[in-house]
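Undergrad: Just a sequence and a predicted model for now, questions to come.
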Amino acid sequence: MPVPRARQIVLTASERRRLDQLAHSHTAPHQQVVRVRIVLDAAHGHSNARIALRQRVHLDTVRLWRGRYADQGIDGLKDRPRTGRPPRFTPVQRAEVTALACQLPAETGVPLSRWSSTDLAREAAGRGITEAMSASTVRRILAADVLKPWQHASWVFIRDPGFAHKAARVLDLYQRIWDGQPLARNEYVISSDEKTSIQARCRCHPTLPPGIARRMRINHEYNRGGSLAYLAAYDVHRAHVTGHCAATTGIAPFMTLVEKVMAAEPYASAKRVFWVVDNGSSHRGKAATDRLAARFPNAVMVHTPVHASWLNQIEIFFSIVQRKVVTPNDFTSLDQVEDRLIAFERRYNETARPFRWKFTPADLEDLPARIERHEQKEHHSQQPAGCSNQPAALPAAA
């Protein structure tokens, strides 16, 4: 049989520039670069055999891409659509798996708190939706609707009738405003709370420091050495922390912290010191407000709304303590826990800067409207088969 003649390739100046850029590209796919180089070699008059040798490809590969470029130009160098393997599962089966994932396991009689992809695959087979299905197939089906039933998030409704007013007062204080008037230079804002149940866990074997290609190692077994509470007061604008450790929380330990802060300058001679606290039992209600004012006439207690301790900046400091001091927990005694906390407090005060608080009164005004819009959207939007979402609400309190 006669050998087919090679297709002639003639390039314009613009085509050659474009192909030269692709041929020397460091980001284009390797297959595309090879195909472009085949075309450029053909335009230079090389034979198919010579091109195959230069590009280290099969002779049939050269004929294929040389011919496609001659017929279709640059678009001919793209892969053609492929039919692929026929789908194993029908759209109805996929919809039934999605609907199952959108139900709580307890509602279907399965003794689980949440689905995993393996559990869903097993349940789909048990219900006769399909004979067999792998966990990876379940994940691909759910990925189309961005469903992850093995994850969960907590939420809480706004139930404090005075939420907006109480939250606005706290946010105004963070901006040095009270009752619409700016605070004086000798007025201060203190954020205070308790971090409870800090345990002293003495590991049965010493903690090993990190090494080359090795993380720090903590022995799993430990002996309990008791627990204590860490009470702290954080000056919002001076970024200064005053702490106190106690065996437990309560009115007496909290007032001990207040005494420690208010006896020191600049608070002892301040015009007013605002204490932002949550609704814990140590400082709850009007009784706590009156008790503080009776002991320190220049102290003003300001409560955050119920279930809104995330408005209290001391929680940010406590999260830092948890990450940098308490975890991993390896202390020989409660005295060591207390010494470590107080030492960290001094270290923190040396370099601390005020937190960049981003939740403003403007965000507060928009919050109820955003929640209402979200609830209406969830109510009217069409969910995947079997789905039923709860109304939106605020994040859980820290």
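TA: Received it, and whenever you're ready, just let me know what you need. All values derive from a computational prediction rather than experimental measurement. Numbers count the residues shown, from 1 in each chain.
Undergrad: Could you use CA atoms for every contact and neighbour count after this?
TA: OK.
Undergrad: Run through this structure and note the low-pLDDT ranges.
TA: Low-confidence regions of the chain, defined by pLDDT under 70, span residues 1-4, 379-398.
Undergrad: ranges for the strands of it?
TA: 155-156, 177-178, 181-182, 187-203, 222-235, 240-246, 272-277, 299-303, 394-395 (DSSP state E).
Undergrad: closest one to D20 among those strands?
TA: For those, the distance to D20 is smallest for strand 394-395, at 55.2 Å, taking CA to CA.
Undergrad: looking at the strands of the chain, which is closest to A287?
TA: Per CA to CA, nearest to A287 of the strands of the chain: strand 299-303, 10.6 Å.
Undergrad: helices or strands next to the closest one in the packing?
TA: In this structure, strand 299-303 packs against helix 163-174, strand 272-277, helix 285-295, with contacts taken as 3 or more CA pairs under 8 Å, 6 or more residues apart in numbering; DSSP states H and E.
Undergrad: Which of those has the highest mean neighbour count?
TA: Each of the helices and strands packed on strand 299-303 was scored by mean neighbour count; the highest is strand 272-277, a mean of 23, by mean count of other CA atoms under 10 Å.
Undergrad: So what are the sheet partners of it and their directions?
TA: Sheet pairing of strand 272-277 (DSSP bridges) gives strand 187-203 (parallel), strand 299-303 (parallel).
Undergrad: Adding distance to G84, write the strands of the chain out as CSV.
TA: Below are the strands of the chain laid out as CSV (distance: least, CA to CA, whole Å):
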stretch, distance to G84
strand 155-156, 44
strand 177-178, 66
strand 181-182, 69
strand 187-203, 57
strand 222-235, 56
strand 240-246, 64
strand 272-277, 62
strand 299-303, 63
strand 394-395, 45
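Undergrad: right, so of the ones you listed, which gets closest to T108?
TA: Across the strands of the chain, closest to T108 is strand 155-156 (CA to CA), at 23.6 Å.
Undergrad: Who does that closest one pair with, and is each partner parallel or antiparallel?
TA: When DSSP bridges is applied, strand 155-156 pairs with strand 394-395 (antiparallel).
Undergrad: Please enumerate the helices of the chain.
TA: In the chain, the helices defined using DSSP state H lie at 13-23, 30-43, 48-55, 59-72, 91-101, 117-126, 135-143, 163-174, 251-262, 285-295, 314-321, 334-351, 361-380.
Undergrad: Of the ones you listed, which is nearest P305?
TA: helix 163-174 (5.2 Å).
Undergrad: Off-centre distance for that closest one?
TA: Computed by CA atoms, centre = their mean, to the nearest Å, the chain-centroid distance of helix 163-174 equals 26 Å.
Undergrad: for it, packing partners?
TA: With 3+ CA pairs under 8 Å, 6+ apart as the test, helix 163-174 has strand 299-303, helix 361-380 packed against it.
Undergrad: For the shortest one, list the C-alpha coordinates in CSV.
TA: Included here for strand 299-303 are C-alpha records, laid out as CSV according to Å, rounded to 0.1, in the frame of the first residue of the first chain:
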residue,chain,number,x,y,z
ALA,A,299,-17.1,51.1,89.2
VAL,A,300,-19.9,50.4,86.8
MET,A,301,-20.9,46.8,85.9
VAL,A,302,-22.1,46.3,82.3
HIS,A,303,-23.6,42.9,81.4
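Undergrad: residues making contact with that strand?
TA: 166, 169-170, 272-279, 289, 292-293 (CA atoms under 8 Å, 6 or more residues apart in numbering).
Undergrad: ok so, going back, how about the strands of the chain, which one is nearest N349?
TA: Across these, N349 has its closest neighbour in strand 240-246 (5.5 Å, CA to CA).
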